[in-house]
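Enquirer: here's my sequence, what's the structure:
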Amino acid sequence: MGVAAGPIRVVVAKPGLDGHDRGAKVIARALRDAGMEVIYTGLHQTPEQIVATAIQEDADAIGLSILSGAHNTLFAAVIDLLRERDAADILVFGGGIIPDADIAPLKEKGVAEIFTPGATTQSIVDWVRENVRQPAGA
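Expert: Residues are numbered from 1 along each chain as shown. Prediction:
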């Protein structure tokens, strides 16, 4: 089918037991306002549910918002599941309260980008535009 046409599709998800979704909703709205298709999964999603949604929706990327401190486990679980299901081309990025010391190890595991609380919605929109759906080796 070649390169996907149409808007970039992003699943925005809140994995784990985190009850605060204001940040995720702000990001979802900013991406939508920028012309992307956003599927917002709501709170308390398991990595399995998030990956299933991303595959079903033919998403280009998954944005995870994590404030609970379980980011190392949750990001790794999502990335492992994507690999298991031959969907490693779906880019995973995230944000939340993530200590600087954890960012490099998360990127080594395959997280494409981490946005800390100071990140602007515009910087996230720009990053998604620049990094999602870049044809590999084209």
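Enquirer: of all the residues in the helix ranked longest in the chain, which ones are buried?
Expert: As assigned by DSSP state H, the longest helix anywhere in the chain is helix 71-84. When burial is assessed from 16 or more other C-beta atoms under 10 Å, helix 71-84 yields the following buried residues: His71, Leu74, Phe75, Ala76, Ala77, Val78, Ile79, Leu81, Leu82. Heads up, the C-betas are built off the backbone N, CA and C, glycines and all.
Enquirer: state the next helix or strand along the chain beyond it.
Expert: Moving toward the C-terminus from helix 71-84, the first helix or strand encountered (DSSP states H and E) is strand 91-96.
Enquirer: next, the angle from that next one to helix 71-84.
Expert: With axes from the mean of the first three to the mean of the last three C-alpha atoms, to 10 degrees as the basis, strand 91-96 and helix 71-84 are set at 170 degrees to each other.
Enquirer: so what touches the next helix-or-strand element following strand 91-96?
Expert: Counting by DSSP H and E, the next helix or strand C-terminal to strand 91-96 is helix 100-109. If you take C-beta atoms under 8 Å, 6 or more residues apart in numbering as the criterion, helix 100-109 is touched by His71, Asn72, Phe75, Ala76, Ile79, Gly94, Ile98, Glu113, Ile114, Thr116.
Enquirer: using CSV, list the CA coordinates for helix 100-109.
Expert: Extracted as CSV, the C-alpha positions of helix 100-109 are listed here (Å, rounded to 0.1, in the frame of the first residue of the first chain):
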residue,chain,number,x,y,z
ASP,A,100,15.7,12.7,34.2
ALA,A,101,17.7,9.7,35.2
ASP,A,102,15.1,7.4,33.7
ILE,A,103,14.9,9.1,30.3
ALA,A,104,18.0,7.6,28.7
PRO,A,105,17.2,4.0,29.7
LEU,A,106,13.6,4.5,28.4
LYS,A,107,15.0,5.7,25.1
GLU,A,108,17.4,2.7,25.0
LYS,A,109,14.3,0.4,25.4
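Enquirer: thanks a lot, see you next time.
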